[in-house]
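Q: just need the structure, nothing else, for what follows:
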Amino acid sequence: MIDVTAIHQPVLLADCVALMTPALQREGAVAVDCTLGLAGHSTAFLKAAPQARLIGIDRDSEALALATERMRREGLADRFTPVHAAFDQLDQVLEDQGIERVDAVFMDLGLSSLQIDEADRGFSYSHDAPLDMRMDVSQELTAARILATYDAAQLTHIFKEYGEERFSRQIAREIVARRDRQPFTTTSQLNALVDEVVPQAHRPAGNPAKRVFQALRIEVNGELDKLASTLPQAANRLNVGGRLVVESYHSLEDKAVKSFMAQGLRIDAPADLPIVPPDAQPFFRELTRGAIKADEQEIASNPRSASVRLRAVEVSREIPARWRARFAETAEHPNPSARKVGTHHATRSNTRANRGERRTRRG
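A: Have a look, this model is predicted:
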């Protein structure tokens, strides 16, 4: 059995515990960790909130098994429920558990240490591995399949939008031009191509392929659509006084989280209205005053924390019905504009079609 404490160092752990646990200090309180990973954060939440129980969701079955064993060893198994699912299935998970409302929802959007350190997943550009990048290895779409089947316009779009890669068009064209002669199946092949295409004078710090790898990982796993769907599901499931706590690791994630939270932090009425009705008042209360970042000491001890942005809000009053309806619609259709681009990663409809199979597999 892998020693998870040796390979997993939770990011901003003390801050996350301080933000989550005030909502969990009552008998029967329920927390959800949508990105359980190796349960570093979740074990700390349960220890700091002895009256609470926690539902841990992860699409990586290996991580879920290790986290479950960790909970057993920590003596927390009786207050922990593991669920194999993607985090945008939050509503379905809670329905399956017979739970209407919860008190805190946590999301750590970074890759788990297990995924980064496992060579055969292909998440890292630092060593040669198959171009896989699946968080859930039961899905069909891989990075290699994207590079083999997407046309130049589709590849350009994901490299530009998800990786913010300046040379996305040139990289995409080269991939399409070369793949018939030699399919891209390993990380070293992709590294070599990007190294050839990106001019030395215009490279970011570090490996020039890191933006392309980020873009492929997001596309393989549908990460931004899943995030855009999960945030409103979480809000609609929180009790008054409940908390939503999210750690992001790149600008696109953080922008989505910040934008979502802002909807409930502002007055929902015209600026020139002389009196703001109670129903138009904000329904979120900001807990972090912007984003919390890792300090120099944490970055030195845990380099993966360098890019983290931690944001949190509390539901300050019952969310108005019109906003609940809006959130429900967004959860169902998180990013309609993406459908126009022509990329063909698994959409929410595909995810829903596979739910029966996944629930059977978990059963």
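Q: pull the longest helix from the chain.
A: helix 223-237 (DSSP state H).
Q: which residues touch V257?
A: 227, 231, 246, 248, 309, 311 (C-beta atoms under 8 Å, 6 or more residues apart in numbering). (Each C-beta comes from the backbone N, C-alpha and C, glycine too.)
Q: name all residues that make contact with the closest residue to the first one other than its chain neighbours.
A: Using C-beta to C-beta, 6 or more residues apart in numbering and skipping the chain neighbours, the partner closest in space to L227 is A256 (5.5 Å). Going by C-beta under 8 Å, 6+ apart, A256 touches 224, 227-228, 231, 248.
Q: now the residues you listed as a markdown table including neighbour count, distance to L147 and pLDDT?
A: What follows is the contacts of A256, written out as a markdown table (neighbours: other C-beta atoms under 10 Å; distance: C-beta to C-beta, whole Å; pLDDT from 0 to 100):
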| residue | neighbour count | distance to L147 | pLDDT |
| --- | --- | --- | --- |
| L224 | 20 | 19 | 93 |
| L227 | 24 | 24 | 96 |
| A228 | 20 | 25 | 97 |
| L231 | 27 | 30 | 98 |
| S248 | 23 | 26 | 96 |
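Q: need the max-distance pair from those residues.
A: Using C-beta to C-beta, these reach their maximum pairwise distance at A228 and S248, which is 12.7 Å.
Q: before we move on, what SS does the residue of the chain most remote from its centre have?
A: Distance to the chain centre peaks in the chain at P274, reaching 40.6 Å (criterion: C-alpha atoms, centre = their mean). Here P274 is coil, with the state taken from DSSP: H, G, I helix; E, B strand; the rest coil.
Q: just to check, E27 is in contact with Q51?
A: Yes. Look at E27 against Q51 with C-beta atoms under 8 Å: they come within range, at 4.9 Å.
Q: tell me who's in contact with the most centrally placed residue in the chain.
A: Note on the chain: the residue nearest the mean C-alpha position is L109, at 3.5 Å, using C-alpha atoms, centre = their mean. Applying C-beta under 8 Å, 6+ apart to L109 gives the contacts 35, 223, 227, 246-249, 253.
Q: circling back: can you tell me how far the residue nearest to L227 is from I57?
A: Per C-beta to C-beta, to the nearest Å, A256 is found 19 Å from I57.
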